[in-house]
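[1] pasting the sequence and the predicted coordinates here, then a few questions.
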Amino acid sequence: GFMSLHPDHPRVMEELERCVHDLKLRGIKLGPNYQDFDPLGRPARRIYEQAQKLGLPIVFHQGTSPMRDAPLRYAHPLAMDEIAIAFPDLKIVMAHMGHPWHADCIAVVRKHPNVYADVSAQFYRPWSFYTGFRLAWEWKVTHKLLFATDWPFTTPDEVIHSLKHFNDFPRKHHLPEVPQDDLDGIIHRDALKLLGLS
């Protein structure tokens, strides 16, 4: 299991330790825009420092949101670049491939060895799905894309189906395809091993 924390809570570091040692949780999920905290602020950096020390990967919500009071700048992939520079051994997963900022997400994933992106919530929008994956393929980072579902909105079977049939869209519109081996790799990749989890 993964924990969630709020960096501004006065006992956040105690809670992190409780989650690791008592609950045996193995990672962290943060949504800075939904939780309304600055992902580059000092309180958040304390969490990243301890996560790096303990080998806890962090999944960050990345990308747009329909919630009017959720600041988009807190969920932009370029913030992850600064976090990865400061904490180079921290395993970071950018959820949703940073949609609609796929190009920025791919640039950060390519730059940092310990930064990955997941493919959740992509196939809902066929053009974005296509362009994001084409960028990942052109920049040679499809091996750093992790399977994810956006549960409960989407099931694993739906995501697998979307990856198996990804090239239906470019064929229909006479566009370049993405090699099926790269897409199948997302389905079969051992994400736990990549994130240092057994």
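    Cool, the structure landed.

[2] what about the helices in the chain?
    12-21, 32-35, 42-54, 77-86, 102-111, 126-138, 156-164, 168-172, 180-188, 191-194 (DSSP state H).

[3] and of the ones you listed, who's closest to Asp118?
    helix 191-194 (8.3 Å; C-beta to C-beta). Where C-beta positions appear, they are placed from N, C-alpha and C, glycine not excepted.

[4] can you add distance to Val93 and give the helices of the chain back as CSV?
    Shown next, in CSV, are these (distance: least, C-beta to C-beta, whole Å):
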stretch, distance to Val93
helix 12-21, 18
helix 32-35, 14
helix 42-54, 12
helix 77-86, 10
helix 102-111, 10
helix 126-138, 14
helix 156-164, 15
helix 168-172, 25
helix 180-188, 13
helix 191-194, 8
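
[5] nearest to Pro71, out of these?
    helix 32-35 (5.3 Å).

[6] list the beta-bridge partners for Met94.
    For Met94, the beta-bridge partners are Phe60, Ala117 (DSSP bridges).

[7] contacts for the helix or strand of the chain with the lowest mean pLDDT next, please.
    Within the chain, no helix or strand scores below helix 191-194, which has a mean of 93 by mean pLDDT, DSSP states H and E. Contacts with helix 191-194, where a contact means C-beta atoms under 8 Å, 6 or more residues apart in numbering, come from 91, 116, 146-147, 198.

[8] rerun at 10 Å
    26-27, 57, 91, 93, 114, 116, 118, 143-148, 197-198 (C-beta atoms under 10 Å, 6 or more residues apart in numbering).

[9] which of the residues you listed are buried? Put it as a ChimeraX command.
    Selection of buried members from the contacts of helix 191-194 for ChimeraX, criterion 16 or more other C-beta atoms under 10 Å:
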select :26,27,57,91,93,114,116,118,144,145,146,147,148
